[in-house]
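Student: model the following, please.
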Amino acid sequence: LLLDADYLKSVYSYYGHAVGDQLFESMAARFETLLPTDSLVARKGGDEFVALCRMPPGTAIKAWATSVMVAINRSFRCGGIEIPSSCSIGVSYAQSSIRTHEELELEADRALYFAKSTGKRQVSLYDAEIGAKIHKGHVLASDLENALNSEGVGVDFQPIVDLNNGHILGAEALVRWTHPLLGSVEPQQIVAIAQTEELGQALFQHVLARACLHARDWPGQPFVSVNIDSGELQRVNLAATVSAILAKCDMPADRLWLEVTESELLLNSPAVHANLAALRRAGVRIAVDDLGAGYSSLSYIGRYPSDIIKIDKSLIQACDVSASSKIMLKAMKALAEVNGFEVVAEGVEAPGEIAAVRRKGL
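Tutor: Now for the predicted structure:
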């Protein structure tokens, strides 16, 4: 197994080496306890751990690796600070001693690359299909910069509707890319490739500009919502960059929402705090996206400069019949009322879900 931890570098940067080392040691200890007792576990370098395990015959390898990832992804408490955890895992295996350790490690590394290219918190088990997809990933990685420069990357829009009257209040910009040879590329893969190839800033600015140019001329002046990742949230002068793009597009700041995922928001960084506060001072509104999808405490949300919470669709689906979803929606409504947040419910599709969301007053 190769395990890549998403937040180690950021923790070292923002909390110092004492807290970073404690998180590293805690993560390593947790990883080791989840593996068979005779496993070899080590830090490969940087943010990666490697483990060599002998598994009982008949083990469902991917299911077991997924359980390891879920356990690692529970938050840690280090130096009195609760820090969210996020990792991806690549796995390779052999059923005989013919395969060498070097071959297995190379395949696990390729599987990890594939897992990370599809988004955070993924497990990938190497096989021939993964090998072909990795080749596709390398092609996409080499072509993404040209697509950004040639306007090959575009946006579609998903409306955000007032359930009381059916009026469209705004729309979320969704990145789209159709590769000339490989066809449509999944949005999460576009984002993951951009981060891997250090094109995250270029992708964000491109999508923001395209979204604002479209939204500027919409009748009734509804808002437009654009996703932003943790890398951009930690960038110096983010608010000035966003304000410059808005000015160039002749788009008022109060018509822009920036969506931050729950897991990225909970990385307790002074840079993130400063950027969110500066953006709000400039008139931009901040939405916490995918609330309820992570492993963190809801009590954290009220500590951050934000205006809107977007309830993850996993809690909306079947909320008309799921008792636990009903309880979570009730808690989120209370959280919103206490903090003065507006609420958006994501993925409302079925009539029963619409009725359940209305009953909760969302």
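Student: now do the strands in the stretch 1-150 of the chain.
Tutor: 2-5, 40-45, 48-52, 76-78, 81-83, 87-91, 123-125 (DSSP state E, counting those that start in this stretch).
Student: how close does residue 55 get to residue 65?
Tutor: 10 Å (Cβ to Cβ, to the nearest Å). Every residue, glycine included, has its C-beta placed from N, CA and C.
Student: among the strands of the stretch 1-150 of the chain, which comes closest to residue 346?
Tutor: Among the strands of the stretch 1-150 of the chain, strand 87-91 comes nearest to residue 346, with 23.3 Å by Cβ to Cβ.
Student: what pairs with residue 179 across the strands?
Tutor: residue 183 (DSSP bridges).
Student: for it, give me its contacts.
Tutor: 139-140, 143, 147, 185 (Cβ atoms under 8 Å, 6 or more residues apart in numbering).
Student: quick revisit: which of the strands of the stretch 1-150 of the chain sits most buried?
Tutor: strand 87-91 (a mean of 27; mean count of other Cβ atoms under 10 Å).
Student: looking at residue 55 and residue 65, which one has more neighbours?
Tutor: Set residue 55 next to residue 65 and count neighbours by other Cβ atoms under 10 Å: residue 65 wins out with 23 against 14.
Student: of the contacts of residue 179, which belong to helices?
Tutor: 139-140, 143, 147 (DSSP state H).
Student: and of the residues you listed, the nearest to residue 165?
Tutor: Once Cβ to Cβ is applied, the member of the ones in helices among the contacts of residue 179 that ends up nearest residue 165 is residue 147, at 39.3 Å.
Student: setting aside sequence neighbours, what's the nearest residue to that closest one?
Tutor: Using Cβ to Cβ, 6 or more residues apart in numbering and skipping residues adjacent in sequence, the residue nearest residue 147 is residue 153, 5.0 Å away.
Student: give me the number of residues near the one you found?
Tutor: 21.
Student: next: the one 3 residues further on.
Tutor: Taking other Cβ under 10 Å as the neighbour definition, residue 156 ends up with a count of 12.
Student: assign a three-state SS to it, would you?
Tutor: strand (DSSP: H, G, I helix; E, B strand; the rest coil).
Student: all the helices of the chain, residue numbers only.
Tutor: 8-15, 17-33, 61-72, 101-117, 128-149, 187-196, 200-215, 230-233, 238-249, 262-265, 270-281, 313-316, 323-339, 351-359.
Student: distance to residue 83 and mean pLDDT added to those helices, as JSON lines?
Tutor: Formatted as JSON lines, the helices of the chain follow (distance: least, Cβ to Cβ, whole Å; pLDDT from 0 to 100):
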{"stretch": "helix 8-15", "distance to residue 83": "6", "mean pLDDT": "75"}
{"stretch": "helix 17-33", "distance to residue 83": "6", "mean pLDDT": "85"}
{"stretch": "helix 61-72", "distance to residue 83": "13", "mean pLDDT": "91"}
{"stretch": "helix 101-117", "distance to residue 83": "20", "mean pLDDT": "86"}
{"stretch": "helix 128-149", "distance to residue 83": "29", "mean pLDDT": "83"}
{"stretch": "helix 187-196", "distance to residue 83": "20", "mean pLDDT": "86"}
{"stretch": "helix 200-215", "distance to residue 83": "22", "mean pLDDT": "95"}
{"stretch": "helix 230-233", "distance to residue 83": "13", "mean pLDDT": "81"}
{"stretch": "helix 238-249", "distance to residue 83": "22", "mean pLDDT": "96"}
{"stretch": "helix 262-265", "distance to residue 83": "11", "mean pLDDT": "61"}
{"stretch": "helix 270-281", "distance to residue 83": "13", "mean pLDDT": "88"}
{"stretch": "helix 313-316", "distance to residue 83": "23", "mean pLDDT": "78"}
{"stretch": "helix 323-339", "distance to residue 83": "21", "mean pLDDT": "80"}
{"stretch": "helix 351-359", "distance to residue 83": "32", "mean pLDDT": "78"}
